[in-house]
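Chemist: fold the following, please.
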Amino acid sequence: MGTAAAPTTFGAPLPPGVHEHFIDAGGVKFRYLKGGAHEHGKPPVLLIHGWPSWAEVWLPVAEALGATHPWIAVDLPGHGKSTPLPGKDGSLTALRGAVGAFVDGLELKRFSVVGCSIGGTLAVMLALDRPQAVERIVPIDAAGFAPKLPGKTVRMYLPFFLRASLGPPGAGGVRKLLNKAVFVDPANTTEGWVSAMVGVWAGKTQRRSLLKTGGALRRPDASVAGRLGDVKCPTLILWGKGDPQFGWRIGEEASRKIPGARFVGIENAGHFPQVEQPQATAAALAEFFSHA
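Modeler: As a prediction, this is how the structure comes out:
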């Protein structure tokens, strides 16, 4: 079984060659990490995490990807060190616009996208919104591939959601959520992960932002199920075979709707295969991007 390495936790020291940056775009102060090889002249790969996590979740696979491509891992609005979306709108439409503004702010003319969970949904949205710019996408356990959020996923998160709406969730609630909804192997629910999650939910402003985004996943604009056939770029869909939130058959079915898409299931992995099985995930990414 894979293990969740310490660098995946928010606030841990960054490894050599990885640098932190900030940019104002779309009313958000975005924090992002950069790394990887620039000498090959390859377009960068944008890495978009899921809810409610942070850019560091990509570090276990970024080293392998970075051997051939520069990469950028962003904290979504209201996550990590990025400020929340401006105003009251926390919808995926608003998030989609903010991520588009981030891409424009970095002046990314050609790039690929790897996204997990809500990040996988945003990867598809970027491919639809910027077909001339997005070269390849890799949605991983994408939250928006089902027409609506599965009832089991809602039930899985509801106790935690209600608790967080009343105040900061404690370590016990966070540990239970990670074991129930994220990781297949309880060994991956490390104290580093638990303390990092407790920390990001502690502040009132960020907690409200996270709750807003989490609630938005139940709205119709959070799904890209009806637009999968419109994706024209090369696509690899990766899925943790043990994902408790979104069964892997959702990803397999989506791969049949996107022209030319491939599907790879990651054994012994839940909702975050890049954390739980980084070697298998990195191998699949490296093979896919070797053709880019």
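
Chemist: mind checking the SS state of residue 20?
Modeler: Under DSSP: H, G, I helix; E, B strand; the rest coil, residue 20 falls in the strand class.

Chemist: how many other residues sit next to it?
Modeler: The number of residues packed near residue 20 is 12, by other CB atoms under 10 Å. All C-beta atoms are positioned from the backbone trio N, CA, C, and that covers glycine.

Chemist: all strands of this protein, in order?
Modeler: Secondary structure of the chain, counting by DSSP state E: strands at 19-25, 28-36, 45-48, 70-74, 111-116, 134-140, 236-240, 262-266.

Chemist: turn these into TSV, including mean pLDDT.
Modeler: Below are those laid out as TSV (pLDDT from 0 to 100):
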stretch	mean pLDDT
strand 19-25	97
strand 28-36	97
strand 45-48	98
strand 70-74	97
strand 111-116	98
strand 134-140	98
strand 236-240	98
strand 262-266	98
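
Chemist: need these in a markdown table (columns: distance to residue 227).
Modeler: Formatted as a markdown table, the strands of the chain follow (distance: least, CB to CB, whole Å):
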| stretch | distance to residue 227 |
| --- | --- |
| strand 19-25 | 24 |
| strand 28-36 | 24 |
| strand 45-48 | 17 |
| strand 70-74 | 22 |
| strand 111-116 | 15 |
| strand 134-140 | 12 |
| strand 236-240 | 15 |
| strand 262-266 | 18 |
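
Chemist: burial count for the residue nearest to residue 149 when sequence neighbours are not counted?
Modeler: Spatial nearest neighbour of residue 149, chain neighbours left out: residue 218 (5.0 Å); criterion: CB to CB, 6 or more residues apart in numbering. When neighbours are defined as other CB under 10 Å, residue 218 has 12 of them.

Chemist: so residue 218 sits against residue 150, correct?
Modeler: No. Using CB atoms under 8 Å, residue 218 is not in contact with residue 150, being 10.5 Å away.

Chemist: who's in contact with the residue nearest to residue 149?
Modeler: Contacts for residue 218 were tallied using CB atoms under 8 Å, 6 or more residues apart in numbering; they are 148, 149, 154.

Chemist: now the first one. Nearest residue, chain neighbours left out?
Modeler: The one in question is residue 148. In this structure, residue 148 finds its nearest non-sequential neighbour in residue 223, 6.3 Å apart by CB to CB, 6+ apart.
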